[in-house]
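Novice: Just to be clear, the model below is a prediction. Sequence and coordinates:
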Amino acid sequence: MSKAKLKKYLQTLSKEQVIEVMLELYDARKEAKDYLEFYLTPDSKAELEKCKKTIRQEFFPTRGFLEKPSFAKCRKVISDFQKLKTEPTYVADLMLFYIEQGCEYTVTFGDMWEQYYITLENNFDKAMKFIFMHGLLAQYYERIEKLLDNASNCGWGFYDTLSEIYHQYR
C-alpha cells in the first residue's frame, strides 16, 4: 500500500477510528510502539544511549561471548534511530560508535576475517559521507583520528582503507 492510498483511507475514518487504528498499531508492533513513544516524548540522548547499549551488546555481551557479532542487527539499530528524525549529531555519534566497537572487538579478541573488515569499512564510509554531508567533520575530527589510531592495531589493511576513506573527506 502506498502512503497516498493510506492517507486517502485514513481521511475516510472518524477521529475515533483513527485513534483505534493507532492503538492497535501500538499493540501490534514493537517498532510502532517505540516510534510512537519517542514521538510523544522525544529524548534523543536517552534513545542514543539505548542504541549504543544494544550495539555494545553485539560485540561485548554481558554474559558469554559472541563469535560473530551481528552486523545486520547493528545496522538496523542505526537505521531505526535515523528514522526517528533525531539531530544529525546523534546519528553521527551512533555511526562512529559502531565502528569503534568493531575496532575494540578486534583489538580485544585478535585478528578477524576479511568480510568483518570489509563490512566495517563500508559502514565507516557511510558514516563519513553522513558526517561530511551534515557539516560535522570539525566536530568529530578528534574522535575520528582516535578511531583511526585504534584501527592501526587491526589487520588486513583495515587501517589503510579507513585512512583512505577518511582522507577523501578531509
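Specialist: It's in.

Novice: Off-centre distance for the lowest-mean-pLDDT helix or strand in the chain?
Specialist: Scoring the helices and strands of the chain by mean pLDDT, DSSP states H and E places helix 30-40 at the bottom, with a mean of 90. Once both centres are worked out by Cα atoms, centre = their mean, to the nearest Å, helix 30-40 turns out to sit 17 Å from its chain's centre.

Novice: and what of stretch 65-79?
Specialist: In terms of Cα atoms, centre = their mean, the gap separating the centre of stretch 65-79 from the centre of its chain is 10 Å.

Novice: Show me what that stretch is in contact with.
Specialist: Applying Cβ atoms under 8 Å, 6 or more residues apart in numbering, the set of residues contacting stretch 65-79 from outside is 51, 54-55, 58-59, 91, 94-95, 98, 101-102, 105, 119, 123. C-beta coordinates here come from the backbone N, C-alpha and C atoms, glycine included.

Novice: ranking those residues by neighbours, who comes first?
Specialist: Each of these was scored by neighbour count (other Cβ atoms under 10 Å); the top score is that of residue 102, with 29 neighbours.

Novice: what about that one, which helix or strand?
Specialist: Element membership of residue 102, judged by DSSP states H and E, is helix 88-109.

Novice: Which strands or helices does that helix pack on?
Specialist: On a contact count with 3 or more Cβ pairs under 8 Å, 6 or more residues apart in numbering; DSSP states H and E, helix 88-109 meets helix 44-59, helix 71-83, helix 114-133, helix 137-151.

Novice: what's in contact with that helix?
Specialist: Surrounding helix 88-109, the residues in contact under the criterion Cβ under 8 Å, 6+ apart are 44-45, 47-48, 51-52, 55-56, 58-60, 69, 74, 77-78, 81-82, 112, 116, 120, 123-124, 126-127, 130-131, 134, 136, 139-140, 143-144, 147, 150-151, 153-155, 158.

Novice: Show the average pLDDT along it.
Specialist: Averaging the model's pLDDT scores along helix 88-109 yields 96.
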